[in-house]
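Colleague: got a sequence here, can you build the structure:
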Amino acid sequence: MNYTPHTFNIGTLDGISTKSVEEHLGLYQGYIKNFNAISELLSTYAKEDSEKHAHALSELIRRRSFEFDGMRLHELYFEQFEGGPSSWKAGGALEQQFAQEYSKPVYAIEMLKAIAKMRGPGWAILYWDPQAKQFLTGFVGEQHQGHFATLPIILALDVWEHTFLLDYGAQGKGKYIDAFFKNVNWSIVEKRFLELQ
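Modeller: Residues are numbered from 1 along each chain as shown. Below you'll find the predicted structure:
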């Protein structure tokens, strides 16, 4: 099965240029193209002598998860901008859980910002652990190293250099992170959370 790119209804963002979004969407489409190409190669090699192709197979398998995670994380990322920025529901389930775990909901955002500002390419991610009934925050190196296995993602913040270089330059990561949170449609994030309850 070949994957196809999603389309996203993203309006003008505050602090993230249309050009930056367009280029970022192009990178997302590249992940899908690469994943499909790798999958096709693996299918071909599976019909041949796997020992003969051992080195190629090991690299393809490693790359495949990288491309797949790049595809899926970007789908979560771009979806968070659809419909324009909005707050979470006052007194709603998401705000209550944030207050329970972080004392004040704003502290959850501050934690995600601190994670996002870590050095290196990757993602700051808010997960929900249905078993423990709590959030877990983490930094995913590149996009396939450091995930909390099996945990659904509530919010995904891309902090690779391509997200901020065009608009803010090499030292502009913090400004981009602030712009990201200005543009998040929290009703989408809250919907993800509610669907797991």
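Colleague: tell me the domain ranges of this protein?
Modeller: The chain breaks down by automatic domain parsing into domains covering 18-79, 93-194.
Colleague: so for the last one, mean pLDDT?
Modeller: Mean pLDDT, taken over the full extent of domain 93-194, equals 96.
Colleague: and if you look at the first one?
Modeller: Regarding domain 18-79, the rounded mean pLDDT is 91.
Colleague: find the helix or strand that Ser33 is a member of.
Modeller: Quick fix: residue 33 reads Lys, not Ser. Per DSSP states H and E: Lys33 is located in helix 18-46.
Colleague: roughly how far is that helix from the heart of the chain?
Modeller: Distance of helix 18-46 from the chain centroid (CA atoms, centre = their mean, to the nearest Å) equals 15 Å.
Colleague: so which bits of that helix are buried?
Modeller: Buried residues in helix 18-46, defined by neighbour count with 16 or more other CB atoms under 10 Å: 20-21, 24-25, 28, 31-32, 34-36, 38-39, 41, 45. All C-beta atoms are positioned from the backbone trio N, CA, C, and that covers glycine.
Colleague: so which other helices or strands are in contact with that helix?
Modeller: Where contact means 3 or more CB pairs under 8 Å, 6 or more residues apart in numbering; DSSP states H and E, helix 18-46 is packed against helix 54-79, helix 165-168.
Colleague: surely His24 and Trp160 touch.
Modeller: No - with contact defined as CB atoms under 8 Å, His24 does not count as touching Trp160 (9.2 Å).
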